[in-house]
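A.B. asks: sequence and predicted structure, then a few things I'm wondering about:
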Amino acid sequence: MRVTRILIALLALAGAVVSVLALRIHMQDPNAAPPCAVTENWDCGAVNHSRFAVFPPRSFDENPQAKGHIPIAAFGIVGYLLIAVLALFGFDFWAFEAAQVGFFFALILTFLEKYVLEKWCIYCVWSQGIIAVTLLLAAINLWLSRRAARPGLHLRAQGGEIHVA
């Protein structure tokens with residue numbers, strides 16, 4: 001088994017753990033001080049209890065306890081576990097695609113944290129870093145698997161001429 005696949009799976013498992021921690025904050029009472037309410041700009045409680053912490057986002061006048069919304073952290077858990085399984089079973093293309101979807105999903109959440117909520121969650125930042133590195137490793141892994149699948153397409157120079165071997 002290729003080392004990059006194992007690294008992707010380990011990173012994905014770390015991302016799932018971080019998502020579980022974020023989900024724990026989401027499930028807490030909003031009035032309870034979460035362990036990462038550090039400053040006015042770093043507040044996991046505010047981020048994980050915002051209207052954007054669920055899908056679909058809650059409307060402004062909707063009760064925060066309303067049913068029918070899925071916590072974003074739950075999507076993170078499922079997504080990271082999917083990436084880990086795909087990488088371990090050698091589905092390199094699909095692991096790359098899942099990491100790509102996760103990365104762009106994290107970009108949207110980063111935009112919301114920066115420009116809409118104007119607050120950051122340490123778990124979200126960790127998750128964003130993990131998915132970025134996972135995407136990079138998945139791209140390298142896909143390139144390696146595609147290169148290994150076509151061993152006869154190497155260029156070599158011989159006597160001033162280039163030959164395809």
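C.D. replies: Nice, I can see it. Numbering: from 1, shown residues only.
A.B. asks: distance from stretch 77-97 to the middle of the chain?
C.D. replies: Here stretch 77-97 shows a centroid-to-chain-centroid distance of 11 Å under the convention CA atoms, centre = their mean, to the nearest Å.
A.B. asks: what's it in contact with?
C.D. replies: Outside stretch 77-97, the residues within contact range by CB atoms under 8 Å, 6 or more residues apart in numbering are 1, 5-6, 8-9, 12-13, 15-16, 19-20, 23, 98-99, 101-102, 105, 130, 134-135, 138-139, 141-142, 145. Where C-beta positions appear, they are placed from N, C-alpha and C, glycine not excepted.
A.B. asks: show the buried residues in these.
C.D. replies: 5, 8-9, 12, 15-16, 19, 23, 98-99, 102, 105, 130, 134-135, 138, 141-142, 145 (16 or more other CB atoms under 10 Å).
A.B. asks: narrow these to those in strands?
C.D. replies: With DSSP state E as the criterion, strands contain none of the buried ones among the contacts of stretch 77-97.
A.B. asks: which members of those occur in helices, if any?
C.D. replies: 5, 8-9, 12, 15-16, 19, 23, 98-99, 102, 105, 130, 134-135, 138, 141-142, 145 (DSSP state H).
A.B. asks: quick one: low-confidence residue ranges for the chain.
C.D. replies: Where the chain drops to pLDDT under 70, the residues are 1, 32-37, 61-66, 151-165.
A.B. asks: can you tell me which residue is spatially central in it?
C.D. replies: Of all residues in the chain, the one closest to the mean position by CA atoms, centre = their mean is residue 131, 3.6 Å from it.
A.B. asks: quick one, what contacts it?
C.D. replies: Residues counted as contacts of residue 131 (CB under 8 Å, 6+ apart) are 15, 99, 102, 103, 106.
A.B. asks: same thing with residue 146?
C.D. replies: So residue 146 contacts nothing (CB under 8 Å, 6+ apart).
A.B. asks: now do it against residue 87, distance only.
C.D. replies: Shown here: residue 146 relative to residue 87, a distance of 15 Å by CB to CB, to the nearest Å.
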